[in-house]
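>>> can you look at this prediction? I've put the sequence above it.
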Amino acid sequence: MSWLDTLQNRWKMKSIWQVIVILIVFACTGFTVLWLKRPALHFFFGDEIPSWAKALYYILILPIYNVILLFYGFVFGQFHFFLEFEKRMFKKIVSFFSKGEG
């Protein structure tokens, strides 16, 4: 069984092509986030960008990453998959942070 077959089973997709489209959506989202980095940091800090600002960018970009992921999911016809993916991820994050309470 290939890794694409494994992803197809794990994500409950009907075809390998859907898996490939999903991987393309993840790739497009990642490239977009990297493409936004330089103009965003240059807007706030000019030519001298401190190292801490680069690290802070990766923390603050997470909510924007999720919106971009849903956008590309919509464009590539996989919005439902990515909406469910976001819901699962959000539940895991909430669960992680709620374990410390009590």
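All right, it came through fine.
>>> any idea how many residues pack against Phe79?
Residue crowding around Phe79 was assessed by other CB atoms under 10 Å; the count is 15. Yep, even glycine has a C-beta here, placed from its N, CA and C like the rest.
>>> excluding covalently adjacent residues, which one is nearest to it?
Excluding the flanking residues, the one nearest Phe79 by CB to CB, 6 or more residues apart in numbering is Gly73, at 4.7 Å.
>>> then Leu70?
Leaving aside its chain neighbours, Leu70 sits nearest to Phe82 (5.5 Å; criterion: CB to CB, 6+ apart).
>>> the one you found contacts Val25, doesn't it?
Yes - at 6.9 Å, Phe82 counts as touching Val25 under the criterion of CB atoms under 8 Å.
>>> tell me the confidence at Gly100?
Looking at Gly100, its pLDDT is 62.
>>> Leu4 too?
93.
>>> thought it was touching Val19?
Yes - using CB under 8 Å, Leu4 is in contact with Val19, at 5.4 Å.
>>> the two: which has the busier surroundings?
More neighbours surround Val19 than the other of Leu4 and Val19, with 20 against 14 (other CB under 10 Å).
>>> mind listing what's buried along the longest helix anywhere in the chain?
Of all segments of type helix in the chain, defined using DSSP state H, the longest is helix 16-45. Within helix 16-45, the residues scored as buried using 16 or more other CB atoms under 10 Å are Gln18, Val19, Val21, Ile22, Val25, Cys28, Thr29, Thr32, Val33, Ala40, Leu41.
>>> can you lay out those residues as JSON lines showing pLDDT and distance to Lys92?
Shown next, in JSON lines, are the buried residues of helix 16-45 (pLDDT from 0 to 100; distance: CB to CB, whole Å):
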{"residue": "Gln18", "pLDDT": "96", "distance to Lys92": "23"}
{"residue": "Val19", "pLDDT": "96", "distance to Lys92": "22"}
{"residue": "Val21", "pLDDT": "97", "distance to Lys92": "24"}
{"residue": "Ile22", "pLDDT": "97", "distance to Lys92": "19"}
{"residue": "Val25", "pLDDT": "97", "distance to Lys92": "20"}
{"residue": "Cys28", "pLDDT": "97", "distance to Lys92": "23"}
{"residue": "Thr29", "pLDDT": "97", "distance to Lys92": "19"}
{"residue": "Thr32", "pLDDT": "96", "distance to Lys92": "23"}
{"residue": "Val33", "pLDDT": "93", "distance to Lys92": "20"}
{"residue": "Ala40", "pLDDT": "89", "distance to Lys92": "27"}
{"residue": "Leu41", "pLDDT": "90", "distance to Lys92": "29"}
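>>> all set, thanks.
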